[in-house]
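Chemist: have a look at this prediction, sequence included:
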Amino acid sequence: TAYEIGVRLVGSEMCIRDRYEADFLDKYNPCRKIPTLIGDGFTIIDSDNICLYFDSISSKQSIFPQNEYWKIMTYTSIANDLMETVLSRFMATSREDNEKSKDYIKKLETRALRIINWLEKNSNFFHNKKLTMDKIAIACALEYTMFRFTNKWQESNKNLNLWLENFKKNSFMKLTEPKI
C-alpha cells in the first residue's frame, strides 16, 4: 500500500526491516489498516505509529529529532494527505464509468496539486542532509503521485523535483519503488 512504503523505508534505514510483518490479521487489527506491526505481545497500527516505534528501538540517529518534532509531524501529515488524496483519486477513477464523479475527481486532482505546490514553496529546509521522517513521507508521497496520478507536477515545481531526484539516490529508496 501507499502507507506501507514509508514503513518499509524507515524499517530498512533503522536496520529493522526483517523484524516486522505488514500483513493484517483481523484478531489484531479490526480496522484492517495496512501496515500492521504484530510484535511479541503487542500490535501497532498506522504507518506513522510503526515508524515512531522503529525509531524508538533503533540505535541510529532519530528521524524524529525533538527540536524539530512538530514541524516533522506537520509535514508528515501533509505528505500522508497527499498519498490519501492520490489513492482516493485512483479509486474514484477505477470505478465504472456510470459511477464516476468527474467533479469529485477534479477536486482530488486540485487538492493533490495544491499540496505539491505548497511543498515547493516550503521546500527550502529539505536541502539539509539530515534524514527525518517528513522527508521520507514526502518522497514516498511524490513517488506514489507519479505512480498513480501524474508526473506533470515536476515541470512547475523544479526545486521539489530536484530535491526528490537527489533523495531517490539514497539506497533505501530503491527498496520500495512502486512496480506496475
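Modeler: Right, received. Where do you want to start?
Chemist: what average pLDDT does the longest helix along the chain get?
Modeler: The helix spanning the most residues in the chain, taking DSSP state H as the definition, is helix 69-93. Across helix 69-93, pLDDT averages out at 96.
Chemist: after that helix, which helix or strand is next?
Modeler: Scanning forward in sequence from helix 69-93, with DSSP states H and E defining helices and strands, the next element found is helix 102-121.
Chemist: any chance you could list what contacts that following helix?
Modeler: Residues outside helix 102-121 that contact it (C-beta atoms under 8 Å, 6 or more residues apart in numbering) are 78, 81-82, 85-86, 88-89, 92-93, 138, 142, 145, 149, 153, 156-160. Any C-beta I mention is one placed from the backbone N, CA and C, and that applies to glycine too.
Chemist: one more time with 10 Å
Modeler: Defining contact as C-beta atoms under 10 Å, 6 or more residues apart in numbering, one finds that helix 102-121 is touched by 75, 78-79, 81-93, 95, 101, 126, 138, 141-142, 145, 148-150, 152-154, 156-161, 163-164.
Chemist: which strands and helices sit next to the longest helix of the chain?
Modeler: Based on contacts counted as 3 or more C-beta pairs under 10 Å, 6 or more residues apart in numbering; DSSP states H and E, the elements that helix 69-93 packs against are helix 2-13, helix 47-57, helix 102-121, helix 133-148.
Chemist: and that helix, what's buried?
Modeler: Applying a neighbour-count criterion of 16 or more other C-beta atoms under 10 Å, one finds 72-73, 75-76, 78-80, 82-90, 92 buried in helix 69-93.
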